[in-house]
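In: pasting a predicted model and its sequence here:
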Amino acid sequence: MNTETGESLKTCLDGECSMRTVAGKYPALVNCLARLLDSDASDGQKECSSNGVQLVDLTGVTDIDACGCQLLALFLSGLKQNNVSAQLTNIPDTIRSKIHFLGFDSEFNLSH
C-alpha cells in the first residue's frame, strides 16, 4: 500500500486483502489515515483530488474476503468521520464481484 501525491492524493492498496493479511495491512491504513488528517490540519485544506474526493485505488488488489472488506470499510469510515469523502477506483472485475457477493457494494457506494 502506498499514497501518491501530486495534483491529487491517491491511496493505492495492493496484494491480498483477506483474514490472513489484514493484521499486517491495518497499521499501514491507520498510518495513512493519520497522515491524511495531519496534512489536512497543517495546511488548512484537504489534500484531495480536484473534485474533492480522496481516491482509493484497488488496481493492485489480487484477492479480498469479508475481513478485507471490513478493513476497507473501517478506513473509509475513518475518512468520512473526518469529513473526507472517498471513492474506490480501478476495481478489478474479480474484486468487484467479490465485494458484491459479500454484500459490501452499498457500503462502498458501488453499483454492480
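Out: Okay, I see it. Numbers count the residues shown, from 1 in each chain.
In: residue ranges with poor pLDDT in this protein?
Out: Residues of the chain meeting the criterion pLDDT under 70: 1-8, 39-52, 112.
In: pull the residues that contact the longest strand belonging to the chain.
Out: Taking DSSP state E as the criterion, the chain has its longest strand at strand 53-64. Outside of strand 53-64, the residues within contact range by Cβ atoms under 8 Å, 6 or more residues apart in numbering are 8-18, 36, 46, 48-49, 68, 72, 75-76, 79, 84-92, 95, 98-99, 102. (C-beta placed from N, C-alpha, C; glycine too.)
In: so which residue is smack in the middle of this structure?
Out: residue 56 (4.1 Å; Cα atoms, centre = their mean).
In: next, the angle from the helix or strand hosting residue 34 to strand 53-64.
Out: Residue 34 is part of helix 22-43, with elements assigned from DSSP states H and E. Angle of helix 22-43 versus strand 53-64, following axes from the mean of the first three to the mean of the last three Cα atoms, to 10 degrees, is 170 degrees.
In: for residue 88, name its beta-bridge partners.
Out: Note on residue 88: beta-bridge partners residue 56, judged by DSSP bridges.
In: quick revisit: whichever of the contacts of strand 53-64 end up buried, select them in ChimeraX.
Out: A single ChimeraX command selects the buried members of the contacts of strand 53-64 (16 or more other Cβ atoms under 10 Å):
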select :9,10,11,12,13,16,17,18,36,46,48,49,68,72,75,76,79,84,86,87,88,91,95,98,99,102
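In: mind listing which of the contacts of strand 53-64 are in helices?
Out: Among these, the residues falling in helices (DSSP state H) are 36, 68, 72, 75-76, 79, 95, 98-99.
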